[in-house]
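[1] With the input below, show me the fold.
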Amino acid sequence: MQSLKDIGQEVINKKLEITKQFNGLLEEGYVKRLKASQHDLDAVNEWRSNLIGFLGEAIMERNPESVEEKVAEWAKATGEGAVESQLPLDKALKTISAYRSLTWKVIKEYVKTNSVDPMELIEVSDIIDPILDNAASIFSASYVKDHKRSLDLAKEAIQELSVPVIALTKEVAILPLIGELDTYRSKVLIEKSLQKCSELKVNTLIVDMSGVAIIDTMVGHEIFQVVKALNLIGVKAILTGLRPEIAQSVVQLGVSFANIQVMSNLQAVISQMSIENSI
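    Next up is the predicted model:
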């Protein structure tokens, strides 16, 4: 059908004209942010026109899949740029609506002066909509990826703070544990405690568990692994502050703390060390 080829060509011919109308459809705050940025507006319009051109090509080919790869690359790069510019996702997605509206505006103008079968217009819609929907999905994925990266960094920072190895003397440090110990945190505990003890060059680490309310078999095993790993680098670990209910759970779960020095509380550990140092 020649009409679709003509419509597609019309969209391509007017792609720059279309993009110059963009700012009129976008929120004032978005436009101000764009103008205040270091982006060259002509370059922005040129970049926007690429997607319009892809729409025109797909209409001419009567196949949205013909430009699928190019649209995916465009949407990925655009999404990453929007994330870098700290443009809110809701405002960024409104640009997709603008692409749709302005493209249809050109098509409507073409229809006014040319005879077009209504079924062909439906076909145009079936071509344009999947392309723009896919672009929006890929575009949004950049925000999801960035959000996940931010969460991972925040989680890492929190986990770093959750293993506060504090030097008491040149040779002794303390690790006060507070809150729930899960498998992930236990693994971080091994890594960070080894790292901190090596940095501080201590030979004894007091692991104070008075702030831990729950412990299971897996976590108990992980704690044993911490002690074992510390021993391998020449650091003696002393467990202290085990609550009665925790001690009972450990016994019931069959977790063995054999060959691990356990003391009732921090004061008892410090008192013993003071006595040993005075001998």
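[2] Unless I misread the structure, residue 262 falls within a helix.
    No: secondary structure of residue 262 (DSSP: H, G, I helix; E, B strand; the rest coil): strand, not part of a helix.
[3] Give the bridge partners for it, please.
    residue 239 (DSSP bridges).
[4] distance of it from residue 77?
    58 Å (Cβ to Cβ, to the nearest Å). Every C-beta, even on glycine, is put in place using the N, C-alpha and C of the backbone.
[5] just residue 17 next, same as before
    Where residue 77 is concerned, residue 17 sits at a distance of 23 Å (Cβ to Cβ).
[6] so how far is the helix or strand residue 230 falls within off the chain centroid?
    Element membership of residue 230 [criterion: DSSP states H and E] is helix 217-232. Relative to its chain's centre, helix 217-232 lies at 30 Å (Cα atoms, centre = their mean, to the nearest Å).
[7] what do you get for stretch 53-69?
    32 Å.
[8] next one: stretch 180-192
    With Cα atoms, centre = their mean, you get 21 Å for stretch 180-192.
[9] Just the CA coordinates for it, please, in CSV.
    C-alpha atoms of stretch 180-192 as CSV (Å, rounded to 0.1, in the frame of the first residue of the first chain):
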residue,chain,number,x,y,z
GLU,A,180,19.1,-9.8,63.8
LEU,A,181,21.9,-11.9,62.4
ASP,A,182,21.0,-13.4,59.0
THR,A,183,23.1,-15.5,56.7
TYR,A,184,24.0,-12.5,54.5
ARG,A,185,25.1,-10.3,57.4
SER,A,186,27.0,-13.2,58.9
LYS,A,187,29.0,-13.5,55.7
VAL,A,188,29.7,-9.8,55.8
LEU,A,189,30.7,-10.3,59.4
ILE,A,190,33.4,-12.8,58.4
GLU,A,191,34.8,-10.6,55.7
LYS,A,192,34.8,-7.3,57.6
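[10] Give me the contact list for it.
    Applying Cβ atoms under 8 Å, 6 or more residues apart in numbering, the contact partners of stretch 180-192 are 159-160, 162-163, 165, 177, 212-215, 218-219, 222-223, 225-226, 229.
[11] So for that stretch, mean pLDDT?
    Averaged across stretch 180-192, pLDDT comes to 76.
[12] now stretch 4-24
    85.
[13] what's the answer for stretch 199-213, then?
    86.
[14] what separates that stretch from the chain centre, distance-wise?
    On Cα atoms, centre = their mean, the centre of stretch 199-213 falls 32 Å from the chain's centre.
[15] Can you give me the end-to-end span of that stretch?
    Stretch 199-213 has an end-to-end distance of 29 Å (Cα to Cα, to the nearest Å).
[16] buried residues in it?
    200, 202, 204-209, 212 (16 or more other Cβ atoms under 10 Å).
[17] Can you pick out the ones from those that are in strands?
    204-209 (DSSP state E).
[18] and the residues you listed as JSON lines, adding distance to residue 140?
    Output for these, formatted as JSON lines (distance: Cβ to Cβ, whole Å):
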{"residue": "204", "distance to residue 140": "52"}
{"residue": "205", "distance to residue 140": "46"}
{"residue": "206", "distance to residue 140": "49"}
{"residue": "207", "distance to residue 140": "44"}
{"residue": "208", "distance to residue 140": "45"}
{"residue": "209", "distance to residue 140": "44"}
